[in-house]
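A.B. asks: got a predicted model here, sequence first, then my questions.
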Amino acid sequence: MWTFAGDRRKLANAASAIRDSLEASCHRLEARRVALLQLHNSITRKRDDLPTSLSFDDVLGAKGVAGEFESLRTEGLVENFWFTGLGDMHIGSRGP
């Protein structure tokens with residue numbers, strides 16, 4: 001499970017922060033890859049609308065979390081990735 005917490009400035013380069021965290025975890029586990037990498041932050045309209053929440057753009061935008069997760073899977077470092085289904089249910093909708 002992976003959560004952006006603590007130093008929120010790391011979000012400026014999410015890909016690097018994710019990769020560094022995964023590499024450190026693999027080292028501690030003495031593993032070459034992990035079966036599941038899960039983003040556990042809530043996803044809201046704006047970053048930090050909830051404690052440790054990420055914005056839609058943080059996750060799906062250019063250089064976002066989803067892109068890096070996919071890169072890690074393509075490289076064989078992660079078998080699967082998942083996103084927690086918490087946050088703002090109206091993100092991306094045209095409704096209220």
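C.D. replies: Nice, thanks for sending it over.
A.B. asks: doesn't Gly61 make contact with Leu54?
C.D. replies: No: contact criterion Cβ atoms under 8 Å: Leu54 and Gly61 do not qualify, at 10.1 Å. Yep, even glycine has a C-beta here, placed from its N, CA and C like the rest.
A.B. asks: neighbour-wise, which of those two wins?
C.D. replies: Taking neighbours as other Cβ atoms under 10 Å, Leu54 and Gly61 compare with Leu54 leading, 27 against 13.
A.B. asks: partner strands of the one helix or strand Glu79 maps to and their direction?
C.D. replies: Using DSSP states H and E, Glu79 falls within strand 78-83. Using DSSP bridges, the strands paired with strand 78-83 are strand 34-39 (parallel).
A.B. asks: any buried residues in the partner strand, and which?
C.D. replies: Val34, Leu37, Leu39 (16 or more other Cβ atoms under 10 Å).
A.B. asks: from Thr52, how far out is Glu23?
C.D. replies: 22 Å (Cβ to Cβ, to the nearest Å).
A.B. asks: swap that for Ala15, sorry
C.D. replies: Distance, Ala15 to Thr52, by Cβ to Cβ: 18 Å.
A.B. asks: then Thr74?
C.D. replies: Distance from Thr74 to Thr52, counting by Cβ to Cβ: 27 Å.
A.B. asks: more neighbours: which of these two?
C.D. replies: When Thr74 and Thr52 are compared for neighbours, Thr52 comes out ahead with 14 against 9, by other Cβ under 10 Å.
A.B. asks: wait, that one sits on Ser42?
C.D. replies: Yes: judged on Cβ under 8 Å, Thr52 makes contact with Ser42 at a distance of 7.2 Å.
A.B. asks: confirm Ser71 sits in a strand?
C.D. replies: No: the assignment for Ser71, made by DSSP: H, G, I helix; E, B strand; the rest coil, is helix rather than a strand.
A.B. asks: all strands for this structure, in order.
C.D. replies: Assigned by DSSP state E, the strands in the chain fall at 34-39, 43-44, 54-55, 78-83.
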